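*Asks:* no FASTA, just this:
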C-alpha cells in the first residue's frame, strides 16, 4: 500500500472507479504540494511577494484538499474542488510571471486531463473549457496592450520551465497510469461479467430444456385423454361437454406450441451458425412445398424473382423466411392470399422485400411486433404464439442485418430484410426460377 492510500477514506475504496479517480487526484495534489514547498522560500528570498502569496495560498488549499477528500462522499466534490483551485492558482501565477511568456503556462495543461478523467463528462468539459477561456483571456489582454509583470530573472525562468516540464510530465504519467489501471480493471470486470453471463445462459438453457420436457409430458396426456373421452363417451356427452373438451384440447395444443417456440428462441443463445452456400430459391421452394400441405392455404400464391445464393446458415435462413411468409398468409383475409418476394443489391447490402396482401399493421405497432409474445390480435382470431418475428429479429442481429416492416391497414405489409454484402455467396451460380405459385 502506497502513502497515498492512507489518505483515501474507506467509502471510496469500495468502488474501483471512485478509488482510482481520488487516488490520481491525490497524487497530483501531493506532487504540486512538494513543488509549492520548494518555491515558497525561493520566492521569499528573491522578494517576489505575489508569487510567495500564491504559494502560501496553494499550501493552505493543499491541506484543505485532504479534509475535502476525507469528509466528502462524492468524487465529483473532490474533483471540482481540485480543478477550481488549480485553475485559480495557475492563472494567478501566469499573470504574475509574464502572461504568455510565463513558465507556468504548461501547468494549465494539467487541468483538462485530470478533470476529464476524474469527473463526469459534462463537468470535465466545463473545467477544460474554463482553462481554455483563461488562456485566451490572457492572450487577448496582452494583444490589447495590457502588460503582465515579469519580475523573475531569465535564469530563474529557465529553471522554472524545467520544473514546469517535469511537473506536467509527472501529471501525465499519473494520468496514463491511472487510465491503464482503470482499463485493466474494467477489462477484468467485463471478462468476469461475460463468464457469469455465459454460466447464467447455460443454466437458463438447461432449465428451459428440463422445464419444457416436464411441461410437455402432462400436456400430451391432456390431449390424449381428451381424445379418448371424446372417442369413448362422445355419444353420451351433451353438446356443452363436447365443447369443453374441444376448448381443453385446443388450449393444450396452444401451450405445447408456445413451449416449442420458446425452446426454438432460446436455442440462439449458444447456437453457432454454420457457414455454407444457401440457395434462397431452394429455401423458398421448400417452404412452398410445406405450405401446399396445409389445407388452410390451398389458394395461396407466392411470387418472386431470381434470388441470390447466400453464405450463411441454412437453418436460420429457412426460419427467417418461413416465419415472414407464414405471417403474410396467416394474417390475411383475402380469398387468394399472396406473398411476393423481390431482391435488389445495393452498394454494401442485399435488400430483400417480402410483400403480402394481408390485413396490414397500424403504424404505432410496426416496431412492437418484433418483441416476444407481442400479439396484436386475440388468440381466437389468428393462431400463433407471438414469437416468430422475435426469432426473425434475433437471426438478423446474429448476421448484423436489419429487419423492419412498412404497412398500411387493409393494404398489406412489406417486410424489409437487409443483409450485409459479405453474406452474398461469391461464386453465385445461375439460379432456377422461383416457384411461381402454390396450388393445393
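*Replies:* Yep, it's here. Please read these numbers as outputs of a predicted model, since none were measured by experiment. Numbers count the residues shown, from 1 in each chain.

*Asks:* and stretch 320-337, which residues are buried?
*Replies:* Using 16 or more other CB atoms under 10 Å as the test for burial, stretch 320-337 gives 320-332, 337. Where you see a C-beta, it was placed from the backbone N, CA and C, and this is true even at glycine.

*Asks:* domain ranges for this protein?
*Replies:* The record's domain split for the chain, according to automatic domain parsing, is 3-152, 272-423.

*Asks:* export those domains to TSV and tack on mean pLDDT and distance to residue 240?
*Replies:* What follows is the domains of the chain, written out as TSV (pLDDT from 0 to 100; distance: least, CB to CB, whole Å):
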stretch	mean pLDDT	distance to residue 240
domain 3-152	80	66
domain 272-423	81	18
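
*Asks:* could you export these as a markdown table, including distance to residue 218?
*Replies:* Shown next, in a markdown table, are these (distance: least, CB to CB, whole Å):
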| stretch | distance to residue 218 |
| --- | --- |
| domain 3-152 | 49 |
| domain 272-423 | 19 |
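
*Asks:* so which of the ones you listed is nearest residue 247?
*Replies:* Closest approach to residue 247 among the domains of the chain (CB to CB): domain 272-423, 10.4 Å.

*Asks:* for stretch 395-409, measure first residue to last.
*Replies:* The first and final residues of stretch 395-409 sit 27 Å from each other (CA to CA, to the nearest Å).

*Asks:* pull the number of nearby residues for residue 49.
*Replies:* By other CB atoms under 10 Å, 12 other residues sit near residue 49.

*Asks:* surely it touches residue 55?
*Replies:* No. The criterion here is CB atoms under 8 Å, and residue 49 misses it with residue 55 at 10.3 Å.

*Asks:* shared neighbours of these two, which are they?
*Replies:* Common contacts of residue 49 and residue 55, defined by CB atoms under 8 Å, 6 or more residues apart in numbering, comprise residue 43.

*Asks:* closest one to residue 239 among the domains of the chain?
*Replies:* Closest among the domains of the chain, using CB to CB: domain 272-423, at 19.1 Å.

*Asks:* what about that closest one, distance to the chain center?
*Replies:* The chain centroid and the centroid of domain 272-423 are separated by 26 Å under CA atoms, centre = their mean, to the nearest Å.

*Asks:* same check on stretch 52-67?
*Replies:* Remark: stretch 52-67 is offset 44 Å from the chain centroid, using CA atoms, centre = their mean.

*Asks:* pull out the buried positions in that stretch.
*Replies:* Buried residues in stretch 52-67, counted by 16+ other CB under 10 Å: 52, 54-55, 58-59, 61-62, 65.

*Asks:* can you check stretch 28-43 too?
*Replies:* Neighbour-count burial for stretch 28-43, with 16+ other CB under 10 Å as criterion, is recorded at 28-33, 35-36, 39-40, 42-43.

*Asks:* nearest to residue 187, of those residues?
*Replies:* Nearest to residue 187 among these, counting by CB to CB, is residue 28 at 24.4 Å.

*Asks:* fine by me, we can end here.
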